[in-house]
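Student: Got a predicted structure here, sequence first:
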Amino acid sequence: PESAEMTKYVANALLSTKISFINEVANLCERIDADIDDVRRGIGHDKRIGFAFLFPGAGYGGSCFPKDVQALAAVARSKGVEPRILKSVHETNVAQKRVLGAKVSAHFGGDLRGRRVAVWGLAFKPRTDDMREAPAITIIEQLLAEGAAVRAYDPEAMTTARRLFGERITLCERSYEALEGADALAIVTEWNEFREPDFGRMKTLLR
């Protein structure tokens with residue numbers, strides 16, 4: 001039983017590690033003008049590495065990865081083992097959830113007062129309405145704290161978002177409705193319908 005329990009914890013911790021690692025590398029690539037997608041594909045062709053869980057983004061969420069990384073770290077500490085990698089995985093993910101919001105703020109000179117930001121994707125991953133520890137929560141709270149108004153859309157998580165945010169944000173029935181009069185669009189969850197948007201329509205709707 002001990003090995004079975006560890007197997008589950010370690011699997012989720014290792015997948016979380018891959019996500020935090022590729023996000024950290026993506027942030028570095030931006031600083032040195034490298035293309036993270038080229039890098040991701042380059043290392044993915046190495047059979048020892050593969051492509052799974054090497055997609056940079058806004059950080060991981062959900063009920064399993066955050067909890068299991070911290071639980072495994074807690075078990076390690078209780079047994080006198082310092083979980084240095086697990087600690088870094090968690091800290092990197094917490095920081096990554098703030099990267100996109102910071103980019104939006106920086107684009108407008110650090111002043112989001114009076115700005116309207118559209119958000120596509122609220123669930124922590126596609127094909128679910130689950131928003132537990134979703135990066136979108138951190139990003140939206142960040143934008144609201146800096147004075148921005150938020151218009152959001154998700155194919156599945158609207159009811160969940162309404163419970164979480166109430167009237168503090170505007171929830172839209174359709175994806176492009178969220179763009180109306182917005183100064184920026186943050187795409188947070190990689191739903192398939194966001195992968196090939198109508199850029200002409202976006203240009204018309206966005207301010």
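Tutor: Received, thanks. Keep in mind that what you see is a predicted model, and the values were worked out from it rather than measured.
Student: Stretch 175-189: which residues count as buried?
Tutor: S175, Y176, A178, L179, A182, D183, A184, L185, A186, I187, V188, T189 (16 or more other CB atoms under 10 Å). Glycine gets a C-beta too; all of them are placed from N, C-alpha and C.
Student: need these in CSV with distance to I85 and secondary structure, can you?
Tutor: Shown next, in CSV, are the buried residues of stretch 175-189 (distance: CB to CB, whole Å; DSSP: H, G, I helix; E, B strand; the rest coil):
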residue, distance to I85, secondary structure
S175, 38, coil
Y176, 42, helix
A178, 38, helix
L179, 40, helix
A182, 39, coil
D183, 39, coil
A184, 35, strand
L185, 35, strand
A186, 30, strand
I187, 30, strand
V188, 26, coil
T189, 27, coil
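Student: Tell me which two of these sit farthest apart.
Tutor: D183 and T189 (20.5 Å; CB to CB).
Student: Show the contacting residues for the most centrally placed residue in the chain.
Tutor: The residue lying closest to the centre of the chain (CA atoms, centre = their mean) is A58, at 2.6 Å. Neighbouring residues of A58 by CB atoms under 8 Å, 6 or more residues apart in numbering: Q96, K97, V99, L100, P135, A136, I139, V188.
Student: Any figure for the gap between the closest residue to it other than its chain neighbours and L179?
Tutor: In space, and not counting its chain neighbours, A58 is closest to P135: 3.8 Å by CB to CB, 6 or more residues apart in numbering. Using CB to CB, to the nearest Å, we find P135 at a distance of 20 Å from L179.
Student: now the helices for this protein?
Tutor: Under the criterion DSSP state H, the chain contains helices at 2-32, 36-44, 65-78, 84-96, 99-107, 135-145, 158-165, 199-205.
Student: what about the nearest residue to S88 once chain neighbours are set aside, how many neighbours?
Tutor: Computed as CB to CB, 6+ apart, the closest residue to S88 that is not its neighbour in sequence is S20, at 7.4 Å. A total of 24 residues lie near S20 under the criterion other CB atoms under 10 Å.
Student: What about A74, how many residues nearby?
Tutor: A74, neighbours per other CB under 10 Å, totals 12.
Student: again but with A102, I slipped
Tutor: A102 has 14 nearby residues by other CB under 10 Å.
Student: contacting residues around it?
Tutor: Q142.
Student: again, only this time at 10 Å
Tutor: Applying CB atoms under 10 Å, 6 or more residues apart in numbering, we find A102 in contact with A95, G110, I139, Q142, E146.
Student: Show me the two of the residues you listed that sit farthest apart.
Tutor: A95 and G110, at 18.3 Å, using CB to CB across the contacts of A102.
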